[in-house]
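Asker: Below are the sequence and a predicted model for it; my questions follow.
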Amino acid sequence: MPSSINDFAIKLGNVNGSGSASANGLLMQAIFRMGIPVSGKNLFPSNIQGLPTWYEIRVNKDGHTARALDYDLMVAMNAQTYARDVKEVRSGGYLLYDSSWPLDEALTRTDVTFIGVPFARLCNENFNESRERTLMKNIAVAGAMIALLNFDEAILGALLEEKYGRKKALLGSNHKAIKLGADYIRENYTFPLPFHLEKMNGNEGKILVDGNTATALGCLYAGATVAAWYPITPATSVMDSFKTFCEQYRKDKDTGVNNYIILQAEDELGAIAMVLGASWNGARSFTSTAGPGVSLMNELLGFAYFTEIPAVLIDVQRVGPSTGMPTRTQQADILECAYASHGDTRHILLFPANPSECFDFAAKCFDLAEHFQTPVMMLSDLDIGMNDWVTPEFKWDDKAQPDRGKVLTAEQLEGMTKFFRYMPENGSAVAPRTLPGVHPKGAYFTRGSGHNKFGGYTEVPEEYQEVMDRLLRKHKEAATHVPPAIIEKRGSRIGMITVGGCDQAVREAVGILAGSGQAVDYMRIRAFPFGPEVEDFLATHDFCYVVEQNRDAQLTTLLTLETPVPKENLKPILYYAGFTLSAKHVLNAVLPQTNQSRPEVIHAVNR
């Protein structure tokens with residue numbers, strides 16, 4: 001195969017619970033520190049251990065970090081998946097396996113180079129404890145890859161020192177295992193491989209971080225002091241990270257008293273109830289969950305919408321319905337969240353595409369929730385939330401002031417004849433609110449039952465409808481306050497629309513199409529309600545492909561419900577198998593519908 005520098009894909013097949021995650025993370029971080037754009041996708045099962053797990057690493061000097069589907073190097077360490085792993089190596093590629101046991105001849109391919117290293121035997125001969133032998137086998141695999149792919153060993157050494165510097169025994173074992181793997185390759189094979197790594201400066205201004213950590217940090221910067229939750233994959237690490245940050249930054253320096261509270265509720269219904277109570281009292285509060293949790297929260301989301309209580313909900317989407325596949329990714333909560341609860345509701349949604357936007361949008365959620373006095377939901381997903389991404393450094397304006405919305409002070413209340421909770425001023429759709437205990441005149445009865453603009457109970461049709469119409473105006477008003485869609489025009493009458501974590505794959509596909517003379521315009525929607533730029537994009541294109549990760553074309557449905565676009569002008573491209581989207585998925589759907597399926601495009605897809 002031709003030589004390729006900083007442009008290849010690796011897939012590592014292993015068994016869950018074998019310690020492969022540490023080795024995979026070590027490789028990812030080392031590539032990043034070599035200045036090379038890289039992405040890692042962890043494809044793991046929902047049990048604790050024993051089932052197959054894969055980790056994909058894509059190296060691309062041009063910064064394309066969407067998932068690859070054809071692998072230059074397959075590391076096959078799980079005999080249960082050998083047949084599948086061998087099949088996925090691209091023609092001319094390589095497969096690294098444990099040759100402690102003979103490989104079934106039926107699995108060999110003449111167009112693939114097999115590299116056998118007796119990892120189990122090497123570890124059995126050099127380590128004494130059985131658990132250590134198992135864990136160090138994957139580190140020895142990393143050592144072999146260091147030699148095969150030309151890793152910077154000084155960077156690997158520094159990473160090991162950072163991780164195990166205080167645990168000298170572990171540090172020594174890791175160095176020993178890496179040397180075992182690397183030395184065997186150097187003594188028995190030609191190295192490095194035709195595709196390999198060379199230092200570059202492609203990560204300037206970038207960091208390596210997962211979306212859940214970024215989300216937690218955004219909540220911290222926004223001033224959140226109360227969080228309530230119930231554990232659920234893949235959102236648990238949002239709260240784990242928030243707790244870690246609060247322990248460091250939310251303690252009074254003089255007294256050591258916590259200036260925050262994190263509550264693990266008995267279930268998701270209890271969690272959102274706690275958030276609403278804290279928000280009603282004036283605290284910035286939030287919960288994190290996934291689709292099943294949102295289902296349970298629906299009743300109280302409707303309550304918050306109708307009583308106009310701010311709340312922030314972080315939904316890290318996973319595969320449904322029901323329990324579904326907890327450790328697989330999807331974008332199937334769009335409609336559930338947009339109209340959560342029974343009756344007429346419309347909620348503000350933000351759709352981040354990467355960890356940097358998770359940080360920005362998490363903070364933005366609190367301003368929107370308090371400005372419009374309503375629940376605001378940020379829809380991330382498992383791929384963004386739990387995988388490490390090379391993403392722009394976070395930026396924060398230290399002069400920024402939180403938007404607390406229309407909250408009446410004691411002085412303002414003192415000057416009023418009477419306060420009516422749901423009576424807006426000057427034609428605004430948002431009515432001023434009060435906080436408990438500020439002033440006797442600010443007291444009111446919060447009710448989820450029918451109420452009029454004065455806050456009193458009503459079943460009078462006109463009075464109820466007046467409140468509901470104002471809530472709809474408030475939602476529409478939010479369209480000019482949410483993050484606008486990202487639009488890139490190439491002068492085409494055909495558009496490509498997507499949302500959230502599909503961005504990298506779709507952007508890569510759009511670039512390939514443009515390079516083959518089949519340019520399309522691109523729009524990534526970042527929020528609901530849709531801003532005027534979304535309707536303008538739809539109106540100025542003959543038709544648009546809509547790429548999303550769910551079966552029922554939920555973004556397409558939302559566009560047809562909320563804009564004048566004719567349904568026939570939207571052509572869904574749907575991928576919902578649970579793994580992350582690839583540019584190849586997009587192109588395989590688009591190319592059969594064109595009259596110009598040129599060879600160079602097909603080649604780009606397969607590569």
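Answerer: Looks like it arrived, so ask away. Only a predicted model underlies this, so the values are computations on that prediction, with no experimental measurement involved. Residues are numbered from 1 along each chain as shown.

Asker: dump the residue contacts of the spatially most central residue of the chain.
Answerer: Geometric centre of the chain, nearest residue: Ile384, 2.0 Å, by C-alpha atoms, centre = their mean. Shown in contact with Ile384 (C-beta atoms under 8 Å, 6 or more residues apart in numbering): 210-211, 316, 352-355, 358, 500-501. Heads up, the C-betas are built off the backbone N, CA and C, glycines and all.

Asker: So which residues of the stretch 251-400 of the chain form helices?
Answerer: 268-280, 291-307, 334-338, 355-372, 382-386 (DSSP state H, counting those that start in this stretch).

Asker: for this protein, what are the low-confidence residue spans?
Answerer: 1-3, 48-49, 595-607 (pLDDT under 70).

Asker: residues in contact with stretch 12-19?
Answerer: 20, 24, 44-45, 47-57, 74-78, 80-81, 84-85, 134-135, 137-138, 141.

Asker: and with 6 Å instead?
Answerer: Stretch 12-19 is contacted from outside by 20, 44-45, 49, 51, 53-55, 75-78, 81, 85, 135, 138, using C-beta atoms under 6 Å, 6 or more residues apart in numbering.

Asker: so what does the helix or strand where Gly25 lies touch, helix or strand wise?
Answerer: Using DSSP states H and E, Gly25 maps to helix 20-33. Judged by 3 or more C-beta pairs under 6 Å, 6 or more residues apart in numbering; DSSP states H and E, helix 20-33 is in contact with strand 38-43, helix 130-149, helix 153-164.

Asker: that older thread, most surrounded residue in the contacts of stretch 12-19?
Answerer: When neighbours are taken as other C-beta atoms under 10 Å, the top entry among those is Val75 (30 neighbours).

Asker: Do I have it right that that residue meets Leu96?
Answerer: Yes: assessed by C-beta atoms under 6 Å, Val75 is found in contact with Leu96 at 4.8 Å.

Asker: I'd assumed Tyr55 was in contact with Asn42.
Answerer: Yes: the criterion here is C-beta under 6 Å, and Asn42 meets it with Tyr55 at 5.5 Å.

Asker: now do the same end-to-end measure for stretch 560-578.
Answerer: 25 Å (C-alpha to C-alpha, to the nearest Å).

Asker: likewise stretch 261-272?
Answerer: 14 Å.

Asker: Now do the SS call for the residue of the chain most remote from its centre.
Answerer: Using C-alpha atoms, centre = their mean, the residue of the chain lying farthest from its centre is Thr417. It sits 49.1 Å away. Following DSSP: H, G, I helix; E, B strand; the rest coil, the label given to Thr417 is coil.

Asker: From Pro424, how far off is it?
Answerer: Relative to Pro424, Thr417 is positioned 17 Å away (C-beta to C-beta, to the nearest Å).

Asker: Who does Leu43 form a beta bridge with?
Answerer: Using DSSP bridges, the beta-bridge partners of Leu43 come out as Trp54.

Asker: how deep is it tucked in, by neighbour count?
Answerer: Counted by other C-beta under 10 Å, the residues lying close to Leu43 total 20.

Asker: same deal with Asp252?
Answerer: 9.

Asker: for it, what are its contacts?
Answerer: So Asp252 contacts nothing (C-beta under 6 Å, 6+ apart).

Asker: how about the residue farthest from the centre of the chain, phi and psi?
Answerer: phi -70, psi -50 (degrees, to the nearest 10).

Asker: how much space between it and Ser237?
Answerer: 51 Å.

Asker: Ile10 too?
Answerer: Distance from Ile10 to Ser237, by C-beta to C-beta: 25 Å.

Asker: Looking at those two, which is more packed in?
Answerer: Shown here are Ile10 and Ser237; by other C-beta under 10 Å, Ile10 has more neighbours (26 against 20).

Asker: quick one, phi/psi of the more buried one?
Answerer: Taking degrees, to the nearest 10 as the convention, Ile10 sits at phi -120, psi 150.

Asker: I'd like to know the beta-bridge partner residues of it.
Answerer: Applying DSSP bridges, one finds that Ile10 bridges with Ile57, Leu73.

Asker: so it makes contact with Ile57?
Answerer: Yes: using C-beta under 6 Å, Ile10 is in contact with Ile57, at 4.5 Å.

Asker: Show the contacting residues for the closest residue to Leu301 other than its chain neighbours.
Answerer: Of all residues not flanking Leu301 in the chain, Ala340 sits nearest, at 4.4 Å (C-beta to C-beta, 6 or more residues apart in numbering). Ala340 makes contacts with 298, 301, 347, as judged by C-beta under 6 Å, 6+ apart.

Asker: and Ala340, how far is that from Phe303?
Answerer: For Ala340, the distance to Phe303 equals 11 Å [C-beta to C-beta].

Asker: pretty sure Cys219 is in a helix, no?
Answerer: Yes: under three-state DSSP, Cys219 sits within a helix.

Asker: burial of it, as a residue count?
Answerer: That count, for Cys219 with other C-beta under 10 Å as the rule, works out to 31.

Asker: my guess is it meets Ala362, correct?
Answerer: Yes: contact criterion C-beta under 6 Å: Cys219 and Ala362 qualify, at 5.2 Å.

Asker: so Glu477 makes contact with Ser428?
Answerer: No: Glu477 is not in contact with Ser428 according to C-beta under 6 Å; the separation is 8.3 Å.

Asker: From the chain's centroid, how far away is stretch 247-259?
Answerer: How far stretch 247-259 lies from its chain's middle: 30 Å, per C-alpha atoms, centre = their mean, to the nearest Å.

Asker: nope, stretch 535-544 is what I meant
Answerer: 28 Å.

Asker: Can you measure across it, start residue to end residue?
Answerer: Stretch 535-544: ends 12 Å apart by C-alpha to C-alpha.

Asker: Would you mark the buried spots in it?
Answerer: Buried residues in stretch 535-544, counted by 16 or more other C-beta atoms under 10 Å: 535, 537-538, 541, 544.

Asker: go on, stretch 500-513?
Answerer: Neighbour-count burial for stretch 500-513 flags 500-513 (criterion: 16+ other C-beta under 10 Å).

Asker: Which one of the residues you listed is nearest to Lys489?
Answerer: The closest of the buried residues of stretch 500-513 to Lys489 turns out to be Val510 (C-beta to C-beta; 11.3 Å).

Asker: Could you look up the SS state of the closest residue to that closest one other than its chain neighbours?
Answerer: In this structure, Val510 finds its nearest non-sequential neighbour in Tyr522, 5.1 Å apart by C-beta to C-beta, 6+ apart. Classification of Tyr522 by three-state DSSP places it in strand.
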